Each structure stands twice: as structure tokens, then as C-alpha cells.
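Participant: Everything below, folded, please.
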Amino acid sequence: MAYRWETPDSVWLEDDESGQYQLASSQGLSRIEWQAQARSRLPDVAQLLGASLPAGCAHAAIYPEGFAFCPECGAPLQVCAPAAQALPGWWGPSTAPLPVNESPLPRHAPHGLPLTALPLAASLETRAPEPAVGHAEIRIPAPPNAVCMFAAADFGFAAQRLLALAYTRNVLQYWDPAAARWHVMTAENHAADLSFSASAYAWLPVHAGARRGEVALVPSAQGLVRLVINPVSESFRTEVVLPATLASAPGMVARRVGCLIVAAGGVRLWTANADGADSETLEIVAEHGGLRVPLTRPTDHASIPDPDADNGPLTTADLPEPGADAGPAGWLSGTHNSPGAADMAVPAAGWSRPISYDGKLTWLHALGHVVWRPGSAPRWLPWPAGWTPRLQFGGPATSRDGRLWQIGHDGKAYSFRELGVAEAQVQPLDGARLGFGTLLFRRGHQIKENPWEGEYVLDQNHNEALVLPLLENVSSTRSQPTGLVLRMESPPAKAEDALGGATLPRTLIEWVGQRNVILDEAVRLKHPGDCQPFVYDDCLWLHHPSWNEIRGWHLKALP
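Facilitator: Predicted structure coming up:
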């Protein structure tokens, strides 16, 4: 016989012979595999649920929430109560708004770029300034599947936890801080597939009204799905919101979700409210040579408009069906015999993470970009012939007047092109700029005004270095850009080579702000753009897929 104990969130069963407690159910959790999973990691489970652990007796291995003393002998217990002040969550670059208690980005900042408003600088800049070289203060093992996205939050539980989603391998990993090891979570529905490799990865974390265990709206092989975890049983489940073939990761603007999908007639933009309601699929209009061109597959030849009419629409009637050969670049090409028809086809893969800015969502591609403002038709803006964007340099930059710019090359020189307009303004450059937002560098020197203006030379010794920004720290109290960067010493002559696989003999991990601090160094680094910073458990962490450990630096308590 078992005695039943009910707490506000859980139901526990006490064995009348052994006196051991077993979790039967808990709010928001699916089936509890207590014997198979949780028994081996009771300290972690106790922290997650806010339960109690024995401190001076051994009558039970774990006690329900609210127990302060052992019922058998009265010995005080170790109560794993929630922290008085919850730690802010971390989701990486995302266009979803953060709640007010997690330092949301200001509205004027481009959401979707590697930006954070957490007060990191106040702690990191207390360390010895350069040229002193620091070292990682804490390390944890890298997840078994190293190419991943990180999320740190409490997910409705009593303690913050870290997730690592290996989105190319359909593997969700969970960090157990008590055991200091990674666990691979199993899918409760074996048909669930979290893999996504068509384009750059981004997710939309769920905040307002989220259920316990709900993580985010994520792109997957099944379409857009809601990811819900059960950390007690080390399992997860998905709930399909949009069953479709996705061409891009989802973005969010003005409380509307938008995502590029592959439909029968080509690429479309699907949009809905955050809960999936009020959905619609929109045709994408190409702006090419002054024409607005709806990219549709006509059902009747008589419906094809006259291509010579003033602003009259053309069509790409020969777009392949989903699953047809999309070519080596994975994009759908048009075969209409009008000039530029091939350029007007919207690619079905290879998109950047979406950027939410100025009331619009923007996806970038090697061939052009899609811009959408809720309430209007999405627009496809191909790049001009001969001009190629340098998406690997970081991301769009913002000018003093609030416009977004993308760096690229026309075969002769670099230049910035204005985003979101057909007749884009172009700003020529005297060299490559690496970075995003307002955190930009030309070689080893920072750009502190408009992205195309000259660099600020503080130290001539940095002339031969190459700096790649990783994370910009947005603050209303600072007039100059601040953030985490990689300073590559003795890099190849071309920035493309340094980012594209060359072995970098020495790379400094540096914080740039009111005082520059070298946090650590890395030797023989390749693909520096694969570095991922994140914040978890009051620490700033830096992960690279080739490292065996994730390096961390302690932060002061974050508000």
C-alpha cells in the first residue's frame, strides 16, 4: 500500500514498507519514468521541482515539496526551494520579445542579431585590462553533439537549466549540473523530428502564458512545432503548429509569426498569431527593374498578365514542385523567357536568421532578401547583377539614421547596400567591415560612427589583426558599442579566408568596452564564426564545435 501526498504542483506516493517517496505526476509533465530515469539523478530532480533531500538521516532518498523535516525521525531536510530572484533566460539570436524581467532589447535595436541587453560589461570590465591575458574561470564539457543552439531558462520549474539542441542531428541535450554531465533526451513520440538544415537556425521562445516545460516554437522536418520538455523523465514531445516544408526559420514582428515555406507554386510566406491562430499564406512579390512581380503559378493561361504592361505582373510558371530538383544551390529557378526571370525566383533554402526591425521581418540570402511588414505583401528584392553579399561577416549594420545595411562585393570593391528598398543607396568602402548592428571593425580597429566611415585607431599594433564581433551588449548608458569579439592575430590577407577555414595561429577572446579585457586565448582555431556565446547560471560562456570544453567567466548577479 502507498500513501498519497499532494503538493500544489505534484502528486507523490510513499511506500508504507520502505518509506521511500516516488513522484507519480507533476503539473505539465507527461508520463513519469521514475524507476528508469529520475532515481539516478535525484539531486537534479529535487532542484527542478523544489523538493527536499535528506541532510542528516537516510530514511528516504527524496521528499515531496514543502517537507522541511523527515517525518520518520524529525531531522531537518535540505530544502531545494526556488531562488528568491530568478535568473534571466537566454535564447540566442531571436526575434521574439523578452519579458521585462529578462532585460529585453530596446525597440530600436534589430532583433534577431547577436545582441543582448543583460548588464554584462559591469562585471567583465572589472578584470585586468589588456595587454593582460586572462583564462577561463570555469569549464563544462561540450555537449556530445557540438553543433547546436543553446537555451537557458527555468521553463516553468524551480531552477534554471541549460538545453543544447543539435538541430542538424535531431538531438536534444540537457545539462545536469548536479551530476556535471549531459543527458540526451528521448522523443515521447518517435515520429518527432527536430532536425532542420535548410537555412540558418532560429527559434521563437514562449513566454506569456507558457505551460510548464514549454520551450519554444521551433523549425523542424515536420514544419513549425512547439517543443515541450519533461526533464524528470529526460524526454520531450512536439506539437505541430504548421505541417509544411520550411524554407527558413521563423521570425516574429508586431505579435505576428512569419516563416518562408515551400508550396506547390513556389515559396510563400506563412503568417499567424503567436498561438497559431488567424493564419494565412501570402504570395511574395518580386521588385525587379521597377516592376512588382507576383511569383505565382497560373492555373489558366488566360490569367497570365501582359508582361509589357505598366507595372504589370510577370509569372514564373515553370517553378518545380516540392521535391523536384532545385539545383546544387537548393533554390527554385524560374524559366520564364522574360529578362531576369531566373533572378526573380525566391530561393527555397539557404536563408539567414530573420531580423525584426522597424516593424518588418527580413530574411537575407546570397541571391537577395525578402522583406515583410504585417498588413502588406512580402517583397523579394534580388541583389543587382555582380554584387554578392558577405553574410559570413556577421550581419546587417545600422547607420546613425536608423537604416539597415548589408556589406557585399561587386568584384572590384566592398560596399554597403541599404536593405528593404528596391532603389537601394550604396556606400563604397575602402576595405571589409566585420560585425553587425553598431559593433563593427575594419581589420583590428573599431568603427564608431556610420558603418562606411573610417575606423578609430587607438593602437597601431592592431593594424595587422582582424576582429570578428560575436555579441553586442546594448546599453542605454553607453554611447559607444560594447561586446564580445575575437581578435585574430596574423590572419590571412582576406577576411573571407580567415572566416572560411584557414588555421588561425592565435586568437584572443576579448571584451571591448570602456576598458578592453582579454578573457582568454585560443590556438589553431578554424571557422571562428562558429563560436557561440551564451549566458547561463550567472556566467558568460563561449562554445566552439571543435572544443572539448565550454569556457566560462563568472558574472555578478544579474537583475
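Participant: Now for residue 57: which residues touch it?
Facilitator: Residue 57 is in contact with 70, 72-73, 75, counting by Cβ atoms under 8 Å, 6 or more residues apart in numbering. To be clear about C-beta, it is placed using only N, CA and C from the backbone, and glycine gets the same treatment.
Participant: repeat that for 7 Å
Facilitator: The contact partners of residue 57, taken as Cβ atoms under 7 Å, 6 or more residues apart in numbering, are 70, 73, 75.
Participant: Flag every buried residue along whichever helix in the chain runs longest.
Facilitator: Ranked by residue count and defined by DSSP state H, the top helix of the chain is helix 42-49. Judged by neighbour count (16 or more other Cβ atoms under 10 Å), helix 42-49 contains these buried residues: 43-49.
Participant: Could you pull up the mean pLDDT of it?
Facilitator: Regarding helix 42-49, the rounded mean pLDDT is 95.
Participant: Give me the residues contacting it.
Facilitator: Contacts for helix 42-49 (Cβ under 7 Å, 6+ apart): 10, 26, 38, 52-53, 61-62, 65, 80, 157-159, 176, 178-179, 231-232.
Participant: Which of these are buried? Put it as a ChimeraX command.
Facilitator: Remark: buried members of the contacts of helix 42-49, expressed as a ChimeraX selection using 16+ other Cβ under 10 Å:
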select :10,26,38,52,53,62,65,80,157,158,159,176,231,232
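Participant: Most neighbours among the contacts of residue 57, which one?
Facilitator: Counting neighbours by other Cβ atoms under 10 Å, the top entry in the contacts of residue 57 is residue 70, with 20 neighbours.
Participant: CA-only coordinates of stretch 117-135, as PDB, when you get a sec.
Facilitator: The C-alpha trace of stretch 117-135 is given here as PDB (Å, rounded to 0.1, in the frame of the first residue of the first chain):
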ATOM      1  CA  ALA A 117      20.700  43.900 -23.000                       C
ATOM      2  CA  LEU A 118      22.000  41.900 -20.000                       C
ATOM      3  CA  PRO A 119      24.400  44.000 -17.900                       C
ATOM      4  CA  LEU A 120      27.500  42.100 -18.700                       C
ATOM      5  CA  ALA A 121      30.000  44.900 -19.100                       C
ATOM      6  CA  ALA A 122      29.800  46.000 -15.400                       C
ATOM      7  CA  SER A 123      31.200  42.600 -14.300                       C
ATOM      8  CA  LEU A 124      33.600  41.700 -17.200                       C
ATOM      9  CA  GLU A 125      35.300  45.100 -17.200                       C
ATOM     10  CA  THR A 126      36.400  44.700 -13.600                       C
ATOM     11  CA  ARG A 127      39.100  42.200 -14.700                       C
ATOM     12  CA  ALA A 128      42.600  43.300 -15.600                       C
ATOM     13  CA  PRO A 129      42.700  45.200 -18.800                       C
ATOM     14  CA  GLU A 130      44.700  44.300 -21.900                       C
ATOM     15  CA  PRO A 131      47.500  43.500 -22.500                       C
ATOM     16  CA  ALA A 132      47.000  41.100 -19.600                       C
ATOM     17  CA  VAL A 133      45.700  37.800 -20.900                       C
ATOM     18  CA  GLY A 134      43.100  36.100 -18.700                       C
ATOM     19  CA  HIS A 135      41.900  32.500 -18.600                       C
END
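Participant: List the buried residues for it?
Facilitator: Quick answer for stretch 117-135 (16+ other Cβ under 10 Å): 117-121, 123-125, 130, 134.
Participant: Not counting sequence-adjacent ones, nearest residue to residue 417?
Facilitator: Leaving aside its sequence neighbours, residue 417 sits nearest to residue 424 (Cβ to Cβ, 6 or more residues apart in numbering; 4.9 Å).
Participant: same check, this time on residue 456
Facilitator: Closest to residue 456 by Cβ to Cβ, 6+ apart is residue 448, at 4.9 Å.
Participant: What is the burial count for the one you found?
Facilitator: Neighbour tally, residue 448, other Cβ under 10 Å: 14.
Participant: got it, and residue 514?
Facilitator: Residues near residue 514, counting by other Cβ under 10 Å, number 11.
Participant: Give me the secondary structure label for it.
Facilitator: coil (DSSP: H, G, I helix; E, B strand; the rest coil).
Participant: does it really touch residue 126, like I thought?
Facilitator: No. Counting by Cβ atoms under 7 Å, residue 514 does not reach residue 126; the two are 11.1 Å apart.
Participant: what's the pLDDT at residue 433?
Facilitator: 97.
Participant: Can you show me the strands along the stretch 201-350 of the chain?
Facilitator: 204-205, 214-220, 223-230, 235-242, 245-246, 251-253, 256-263, 266-273, 280-282, 285-288, 291-294 (DSSP state E, counting those that start in this stretch).
Participant: For residue 203, see how far away the nearest residue to residue 377 once chain neighbours are set aside is.
Facilitator: Distances taken as Cβ to Cβ, 6+ apart put residue 285 closest to residue 377, at 4.9 Å, once the chain neighbours are dropped. Using Cβ to Cβ, to the nearest Å, one gets 28 Å for the distance from residue 285 to residue 203.
Participant: Ok, residue 233 next?
Facilitator: From residue 233 across to residue 203, the span is 22 Å (Cβ to Cβ).
Participant: Between the two, point out the one with more neighbours.
Facilitator: residue 203 (27 against 21).
Participant: Distance of the residue nearest to residue 531 when sequence neighbours are not counted relative to residue 187?
Facilitator: Of all residues not flanking residue 531 in the chain, residue 544 sits nearest, at 4.9 Å (Cβ to Cβ, 6+ apart). Computed as Cβ to Cβ, the residue 544 to residue 187 distance reads 28 Å.
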